[in-house]
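J.: mind looking at a prediction? Sequence and model below.
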Protein chains: 4
Amino acid sequence: MEYFADIPPIQYEGPQSKNSLAFKHYNPEEIIEGQSMRDLFRFSICYWHTFRGTGSDPFGAGTLQRPWDDGSDSVENALKRVDVAFEFFEKLQAPYYCFHDKDVSPDGETLKEANENLDRIADKLLEAQERTGIKLLWGTANMFSHPRFMHGAATSPNADVFAYAAAQVKKAMEVTHRLGGENYVFWGGREGYMNLFNTDMKRELDHLARFMHLAVEHAQKIGFKGQFLFEPKPKEPTKHQYDFDAAACLNFLRANDLLDHVKLNIETNHATLAGHTMMHELVYSSIQGALGSIDANTGDLLLGWDTDQFPTDIYLTTQCMLAILDQGGLAPGGVNFDAKVRRESFEPIDLFYAHIGGMDAFARGAKIAAQIRKDGILSDFVAKRYASYDEGIGQQIESGSVSFTDLEAYMLEKGDSAPNLSGRQEWIENVINDYL
Amino acid sequence: MEYFADIPPIQYEGPQSKNSLAFKHYNPEEIIEGQSMRDLFRFSICYWHTFRGTGSDPFGAGTLQRPWDDGSDSVENALKRVDVAFEFFEKLQAPYYCFHDKDVSPDGETLKEANENLDRIADKLLEAQERTGIKLLWGTANMFSHPRFMHGAATSPNADVFAYAAAQVKKAMEVTHRLGGENYVFWGGREGYMNLFNTDMKRELDHLARFMHLAVEHAQKIGFKGQFLFEPKPKEPTKHQYDFDAAACLNFLRANDLLDHVKLNIETNHATLAGHTMMHELVYSSIQGALGSIDANTGDLLLGWDTDQFPTDIYLTTQCMLAILDQGGLAPGGVNFDAKVRRESFEPIDLFYAHIGGMDAFARGAKIAAQIRKDGILSDFVAKRYASYDEGIGQQIESGSVSFTDLEAYMLEKGDSAPNLSGRQEWIENVINDYL
Amino acid sequence: MEYFADIPPIQYEGPQSKNSLAFKHYNPEEIIEGQSMRDLFRFSICYWHTFRGTGSDPFGAGTLQRPWDDGSDSVENALKRVDVAFEFFEKLQAPYYCFHDKDVSPDGETLKEANENLDRIADKLLEAQERTGIKLLWGTANMFSHPRFMHGAATSPNADVFAYAAAQVKKAMEVTHRLGGENYVFWGGREGYMNLFNTDMKRELDHLARFMHLAVEHAQKIGFKGQFLFEPKPKEPTKHQYDFDAAACLNFLRANDLLDHVKLNIETNHATLAGHTMMHELVYSSIQGALGSIDANTGDLLLGWDTDQFPTDIYLTTQCMLAILDQGGLAPGGVNFDAKVRRESFEPIDLFYAHIGGMDAFARGAKIAAQIRKDGILSDFVAKRYASYDEGIGQQIESGSVSFTDLEAYMLEKGDSAPNLSGRQEWIENVINDYL
Amino acid sequence: MEYFADIPPIQYEGPQSKNSLAFKHYNPEEIIEGQSMRDLFRFSICYWHTFRGTGSDPFGAGTLQRPWDDGSDSVENALKRVDVAFEFFEKLQAPYYCFHDKDVSPDGETLKEANENLDRIADKLLEAQERTGIKLLWGTANMFSHPRFMHGAATSPNADVFAYAAAQVKKAMEVTHRLGGENYVFWGGREGYMNLFNTDMKRELDHLARFMHLAVEHAQKIGFKGQFLFEPKPKEPTKHQYDFDAAACLNFLRANDLLDHVKLNIETNHATLAGHTMMHELVYSSIQGALGSIDANTGDLLLGWDTDQFPTDIYLTTQCMLAILDQGGLAPGGVNFDAKVRRESFEPIDLFYAHIGGMDAFARGAKIAAQIRKDGILSDFVAKRYASYDEGIGQQIESGSVSFTDLEAYMLEKGDSAPNLSGRQEWIENVINDYL
Ligand SMILES: [Co+2]
Ligand SMILES: [Co+2]
Ligand SMILES: [Co+2]
Ligand SMILES: [Co+2]
Ligand SMILES: [Co+2]
Ligand SMILES: [Co+2]
Ligand SMILES: [Co+2]
Ligand SMILES: [Co+2]
C-alpha cells in the first residue's frame, strides 16, 4: 500500500524548476569537494517529529492529519508506521533515519514487554532497511517522557530509575547494533535539575559518568563499534541541563575520561538557546576533535524554547557547511533533521515541503561554502591575519621557546607592539553576500 | 588630609539602627560556623569601579563627583587616589582591595614608562597597606582598554600584542607578589571574537593556554604562591568570550593541563549573562574543586549587558553563602565587590551606601544560610532524596560493581522502578522564606 | 466525602509557627490600610492549573497524582471535581476562584452539547458557591486548546472560527453572569501569528476589535456588569501575540474605543517574558486607570517560556503591593494564582504548600509595602525629587503656560539648568531591605 | 582638499563585479515599482556613528583612525568635518544625511554659546547642501550625552532640565527647518527610568506629552512642515524607556492626542531588543498609518545591547522592503543607516565597505520583494486564507451586521466550524528562498 500516493518521488530538477515537490539544489550525485552530496550530508529523517509528532503543544491538542495512524499504542499501528516511514524516506531520497526506542515501538507494562515490543518492530525495521537500502544513522533511548523519569534517568535520585535507564539503553544499543546503526546518541532530556536546593549535583554528575562508562563497556562487550554522541541542550524540559552546551559536555567528558569514546551531536536550536551561534558550537567542537554529527534545524531567536524549525536560512547552512567541510565531513555522523512542521502545517504534504526545504538549504549552503573555500578569499584573509605567528617572536611563542622574561625583554626593547590590522567585519559580510 | 570628612567610620549598630551609614547586619566580630564574618567574607573593594569609574556610558559622559580627582592621568593624581582609597577602605572596615595595573597607575608611552609608573604607585600602596593593615586580595592586568588590545591580548592575531600582554602580566604579577597579593586574576576582556569568519579559534585557544602556562612558570620562578583565578564572562565587550562560563573555563583548563594551577573567580552578573544562576556557577565550580573567589554583584535579568550592580537581594546572598559555607569558605579568595554605583548616584556618599548595602546583604545571607544549615531541614531532605544510592542496587551502582547486564537483569526481574518522591519545590521555597 | 482528609483547614498561626500547613503571614482578618487582608487580596484559585493540570510537558506525560480524578472527560468526573475544588478553596480560606469554560466542563461534539454540559456544571458550581460563600472572581472561555483554534479565535482567518468563538464567549459570559462573576477575562491564547508572511495583521486586529465590541454589547444586553479584563502575554503559544504587553493592549483598546469597557489583568510571568518587570506593568496600567486584576505567579527569568510558578519572592510581592495599595486595591479584580506546581511536586499536598506559600508571600509583601508607605521615606524622597515642578518654571510647564520660546528665553538667561540630585538607587535598595 | 583621495566615487557595476568599492545591486536609476531606487530608499548617512564615532566602548578607548579629525571640540574641527562628510556622502551617492545638534556642532558653556556654534555650522552645512544637492532627511537634538540629562530630558525630575531640553529642541528644529530637513526625530535617550522606586511615572509621561505638544506648536509657529518622528527603543541607556516599542509609542501618542502629528522611526536593533522582528514593527506601524521612516541596521540577537551593525542579511532587507513597498514607500522618511563599523574595523575604507554593503543589501531586498509582489504567490495565498471573510458569515462579521446572538444561532445550527487550511509555513519559507 502507498501512503503518500499523490506525492511522487522527489527528484532534482534544478534551480529553475517551479515544482514545489522537487529539489532545486539537492542533487545527490553532485560532487562537492570530492564527495557526492549524498555522502557529504548523509541526510537523516527523525522518527519522533515526523512520525510521532501530533501538533500538540502546552496550550492545545494535536492538529496533525496522519491518516495512516489510528492513534493507538498498538504494535500493529507501530508496524504500519514503519511502512509509512520508509515510503517517506524513499520518496525523499533520504539515505538515513534515526529514532528513540519509544518512537518506533510501544512501551510495555514491564520492561520485558517493552523489550519484546521493540524486538518485533526491529524485525520490521531491518526488513525495511534491507528492502530499501536506507540505513540507521543512530538510535537512542527515550528516558524523559515516562513519569518514572521525572527527576532524570541516569541522574535520578532514585537508584531504580538509573537501573531502568541502564536496561533501556542496553536494549536500545543492542537494537541499534542489530540494525547496523552507525552511532548511538545520548540526549539527557531530564538529566539536569529544576531546583538546586533539592539537588546533589556532584552525586548526579558522578552517576551520569558512571552510566556512560557502563554504556561504553557494554558496547565493547557486544561489539558495537558505532560512535557515541552526546547532545548538548541548555534547558527545557528542566531548568538547567548538565549537557548545557558543547563546553559543558566536553568538560564533563574530559573530567570523566570519556573523551575517547564520545563525540558531540550539535543542534542549532540548542546552540542558540545556550547563547551560542551554531557555527560557534561546530567550530568549538571540531577543533577539539569532537564534532560527530548534527541535528539540523533552527530556532527562533526571539523565542525562548526549542522550536525545532526546519533550517532554511542560507546564511546558517553556509556557516554549518564551512565548519563541516573544514573537517572533511561528518561521517559516521550525518545531517539529521531534528525538526518538525508547525502545528498549523497539518497536512502530510507539509512534511514533504519541510524536508525538501531543509535539504535544498543545506545543498545551497554546501555549494556556497565550497566556492568560498575554493576561492580562498576568507582563508587567505585569516592566514594573513595570524601571519605574525609564522615567524619571529610569534613563532617563538608558538614553539614554546620564550618565557615571560624573554617577552618582557623583547617588548621593553621595542616599546610598543606593531600596529594591528583592521578586522574588516563589514567587508567580510559583503564577501559572503557575494556568494549567495 | 581626610577626603570623606563628613562620613564617620562605618560601625555595626544592629538591625534596629536607623542610621544609613551604619552596618545593620555586618558585624566583623560575629562568628558564623566558627569563623568571624571578617574572615569568612574577606570583603574586598575594587579599585576600578570605585576609584576610576566616571559614570560615563555609551550614551553619555561621566557624571560622578569625585572632588579629589583632577581627572588627569598624572602620577600625582594616582598617588592621591591611593590615600582616598585607603581612607575609604578603612572607613568601611574592608580588609581587602584589588586592582588592575591600569586602575592604580598611569599608562606610559612605552612599556618601560608604564612599569616605572606602576612601581611608584606600588611603593605608595605598600606603605598604605602597612599603615592600615589592609591587604591585597588580588591583582590583575588590564589588557582590554588600550586600542592595542582591540583583537585580544593573549589571543590577538598580532604576536606583538601577545608579547606586550606577557610583559604586562609579568609586571602585574610581580607587583601583586610584592604587595602580598593572595591571588592573581585573569579576566580576558577581549579574549574572544567579534566574528568567526576572521578568527582562527584553535590557534587563539592554543595561544591562551600557552600564555597561562607562561604565567604559571613565571610565578614559580619568582616564588609567587598566590592562587591563579580565571574569571568567566560570556560576552561583552566581544561577541563571544572564550571564558564564557565555568564550564567553558574548566574545559579549557582541563584540556590544557592547567587545572592544578588555576581556579575560578565567579561573578554573579557574568553567570546570569551566560544563562546560569550564580548558585549554579558556584556549586558547579565548587564540586570540581575550582571555586576560588567571587565577584559579588548582581545583574538585571531583563537587561542584556553587565550592569555590575551592588548585590542587595537576600535570596541571592543566601544562595551564595550556602554554596560558600558548603566548602568551608573561600580563602585565599574572598568576596570582592565588582560593582559600581549607578551613574545617577553621583555623590561620594553613594559609594558608602552601596558598599554598606552589599556587605549587609552578604551578612544577612550568611546568617540565613548558617541557620538553614544548622537546622538541617534542606540537607536532610536532600539526603533522604538520594538514600536509594546508600544501599542495595544504588550502592552497587556507585561502587561500580554492576554492569548494564546486571542492571537489566535486576530490572527485568522487578518489572519497573520503585516510585519516585515528590520534588517539593514549592515547600522548599516556603522553607527558605521562613528563614528570611 | 472529603478528598483532602489528611489536610486540616489552613489557619493563621503566625510567623513563629513551624507548621508547613499553616499560614504564617496571611491573616484574613488583619487590617492593612483600612481593609482586611481578605478584602485587600481577594485571593482566587484557578481551576485550570489546580484541577486540570496533569504535569505533562512537551517532553513527557502527566505525573500529578489526583486520586479523585478518573482521567475521563465525563460530566460525572467534572461534577466530582467541583466538590474537590470547593473543599480545596474552603480549606485554603480562598474567597474566590476562576475558570475557563473548558476547565470546568467537558467539551461536546457540537456547540449545543458543549453548552449543555456547561449548564450542568454551572448548576453544581452555583450550589457549591451558595453552600460555601466562595465567589467567582472571573470566568473566561478557552479558545486555544481545540484544534479549531489553531490559527486563532477572533483573529482566525476562518470566519466560522470567529463565529464559534463568539458563541463560546457568549455562553461563558452568560454562565459567568449567572454565577455572579465579578469580571470576565480575555486571554487570547492564539490571537497572534506564527508567521507574518501568511498573516493579514490589519484584518486580524480589526476582527479582534469587532469581537470585543460584540462582547461588550452582549454584556449590556444581558445586564452583566462585571469588569472586562484583557490579559497581556507576549508570545507562547504563538510566535507573537497581539496582546503582547500592557502597552500593546492599551494601544489596541484606545485605537478601537474600548478603553471605557476593558481593563487589564496583569500576570507576572507575562510581564517578564515581554521584557518588563511586573511592577512596571502594574504602575504603567494603574496610572492609565487600567489596572483591573492580577494573575499572581512568577517566572524564571533565565527561562524563555511561561513557567507559571507560585510567587514566593518577597521583593516581588512587595513591589506588587506597593502598586496595588497605591490605587487603593484591585476590586472588583483580585489576586488570582495563575500558578502551577512543578510536575515533580506530584502529590495533592503540594497544592497546599504552593498556595500557602503564595498567600503568605503576598501577605508579607503587603505588610512591608504598607509600612514603607506609612513611614513615607520613599514617597518623601520622590516628592522632593520632583519638587521643581511644584513652583516656578516647573509649575508653569505643568500648567501649560509656557511655550518653547518662553522656555528658551528662560534658559538663555539662566545659561544652564540647576544641578541635579543623586538618584540614590543604592540607598533605596538598602531602605527596602530594612523593611524585609 | 580631498579626504578620501584613494577612494573613487562608488559606482554601480552590477552583480558580476569583483570590485569591493562598487555597488553590485544598488543602481540609483533602476526602477522598482515605478520609483527609482534613489527615490524609493532615500538613503541617508548618519553623522553620529560615521563622523563622531570613535570606536570606544565601555571596556576600551577609541580605535578608529580618522586622520582629518584633530579630536578637539573646536568649531574649526567641526567645520572641517562637514567637508569630510559631504565628500563621503557624494562618493557614496547618498542623497540624504541626518544629525543630532551635538554631532555637527560643539556644545557651549552656555546655551547661547551652544546655539551660536550650531548656527555657524549650519551655515556651512547649508552651503554644502547647496553645492552638492545632498539633503537633510532629519535633524534631532542630543539630550542624553550631557550629564545634565542623567535623569532624562523632558522626563527629568528637574524642571530646569525640561526647560533646557525645550530650548535645545527649539533650536534644533529651527536649524532643521533652515536646512530644509524633511523630518524631525525624537529619540529619548534617557526618557525612561533606572528604577521605579524613585520615579513618578505618571508625572514623567505627562511631561513628555507636554513637551511634544510644545514642539508641535513651535513647528506650526515657525512654519516647519516636516514630519515628526518618534523612535522606539526598549532600554539602554536606561533600564526601561518610555518609547519601548511601536506599541508603547503609539499608545502614548494616542493617549495624548499626538497621533496626527507624529509618526514612528523604526530601527531594527531596537525592534529586536524589544522582542519583535523588524518586520513586525514595520507592519504594525504601517497598518496604523504610523510608519514614517526607518533606521536601517541590524542587531545580534545573541547580544543584549544595541550593536547598530550594518544590515547585510538579505532576508531582513527583503522583509523590510515587503513592508515598505506595501505602503508605497517611506517619503518623506527614508532609509537611514543608524549603523556603525565595528571598532576593529578602524580604517576609513571600512566606512565605505560598510555603507556599500548596507545599500546593496537593501537593493537586493527590494528587487526580491518586488518580484515576490509581482508574482503574487504570497499575496494570493494570504487572500485565499482570509476568503471566508469576503462572503457569507465572514462578510457579515466584518460589516458589523451580526451580534453574538446571531453568531451563536449560526453556529448552533452548524454544530462546528468549517475546517481550517494548512498554514504552510515551511512551504512559504521555501518560496522565499526561491527568490533569493
Ligand atoms: Co536534537
Ligand atoms: Co531541539
Ligand atoms: Co568581575
Ligand atoms: Co561584570
Ligand atoms: Co494568566
Ligand atoms: Co502564564
Ligand atoms: Co536609531
Ligand atoms: Co540603535
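T.: Sure, I can see it. Ligands and ions are numbered 1, 2, ... in the order given.
J.: give me phi/psi at the nearest residue to residue A:360 once chain neighbours are set aside?
T.: In this structure, residue A:360 finds its nearest non-sequential neighbour in residue A:25, 4.3 Å apart by C-beta to C-beta, 6 or more residues apart in numbering or on different chains. (Glycine included, C-beta is placed from N, CA and C.) Main-chain dihedrals, residue A:25, degrees, to the nearest 10: phi -130, psi -30.
J.: can you give me the neighbour number for residue A:119?
T.: Residues lying near residue A:119 (other C-beta atoms under 10 Å in any protein chain shown) number 14.
J.: the spatially closest residue to it that is not a sequence neighbour: helix or strand, and which one exactly?
T.: In space, and not counting its chain neighbours, residue A:119 is closest to residue A:175: 7.6 Å by C-beta to C-beta, 6+ apart. Taking DSSP states H and E as the definition, residue A:175 sits inside helix A:159-178.
J.: confidence score at the closest residue to residue A:122 other than its chain neighbours?
T.: Excluding the flanking residues, the one nearest residue A:122 by C-beta to C-beta, 6+ apart is residue A:175, at 4.8 Å. You'll see residue A:175 listed with a pLDDT of 98.
J.: test my guess that residue A:175 contacts residue A:101.
T.: Yes. Residue A:175 is within contact range of residue A:101, at 7.1 Å (criterion: C-beta atoms under 8 Å).
J.: need the overlap of contacts for these two.
T.: Residues touching both residue A:175 and residue A:101 (C-beta atoms under 8 Å, 6 or more residues apart in numbering or on different chains) are A:118, A:139.
J.: now do the strands in the stretch 1-150 of chain A.
T.: Counting by DSSP state E, counting those that start in this stretch, one finds strands in the stretch 1-150 of chain A at the ranges A:31-32, A:35-36, A:44-46, A:96-100, A:135-140.
J.: okay, now the sheet partners of the fourth one, with direction.
T.: In the sheet containing strand A:96-100, its partner strands are strand A:44-46 (parallel), strand A:135-140 (parallel), by DSSP bridges.
J.: is there proximity between the helix or strand that contains residue A:249 and chain B?
T.: According to DSSP H and E, residue A:249 maps onto helix A:246-255. Yes. Between helix A:246-255 and chain B, judged by C-beta under 8 Å from any C-beta of the partner chain, the touching residues are A:247-248, A:250-251, A:254-255.
J.: for these, which one is nearest ligand 5?
T.: Taking C-beta to the ion as the measure, ligand 5 lies nearest residue A:248 of the residues of helix A:246-255 next to chain B, at 33.5 Å.
J.: most packed of the strands paired with strand A:96-100?
T.: strand A:44-46 (a mean of 27; mean count of other C-beta atoms under 10 Å in any protein chain shown).
J.: please report how far the closest residue to ligand 2 within the stretch 101-250 of chain A lies from ligand 5.
T.: As assessed by C-beta to the ion, ligand 2 sits closest to residue A:233 within the stretch 101-250 of chain A, at 6.6 Å. For residue A:233, the distance to ligand 5 (C-beta to the ion, to the nearest Å) stands at 28 Å.
J.: distance check, that residue against residue C:6.
T.: To residue C:6, residue A:233 is 39 Å away according to C-beta to C-beta, to the nearest Å.
J.: more neighbours: the two, which one.
T.: Legend: neighbour count by other C-beta under 10 Å for residue A:233 and residue C:6, higher for residue A:233 (26 against 8).
J.: so what's the more buried one up against?
T.: A:187, A:241, A:243-244, A:267, A:270, A:273-274, A:306.
J.: again, only this time at 6 Å
T.: A:241, A:270 (C-beta atoms under 6 Å, 6 or more residues apart in numbering or on different chains).
J.: and residue A:29, by the same measure?
T.: Contacts of residue A:29 by C-beta under 6 Å, 6+ apart are residue A:36.
J.: thinking again about what came up before, in JSON lines, list the strands of the stretch 1-150 of chain A along with mean pLDDT.
T.: Shown next, in JSON lines, are the strands of the stretch 1-150 of chain A (pLDDT from 0 to 100):
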{"stretch": "strand A:31-32", "mean pLDDT": "98"}
{"stretch": "strand A:35-36", "mean pLDDT": "98"}
{"stretch": "strand A:44-46", "mean pLDDT": "98"}
{"stretch": "strand A:96-100", "mean pLDDT": "98"}
{"stretch": "strand A:135-140", "mean pLDDT": "98"}
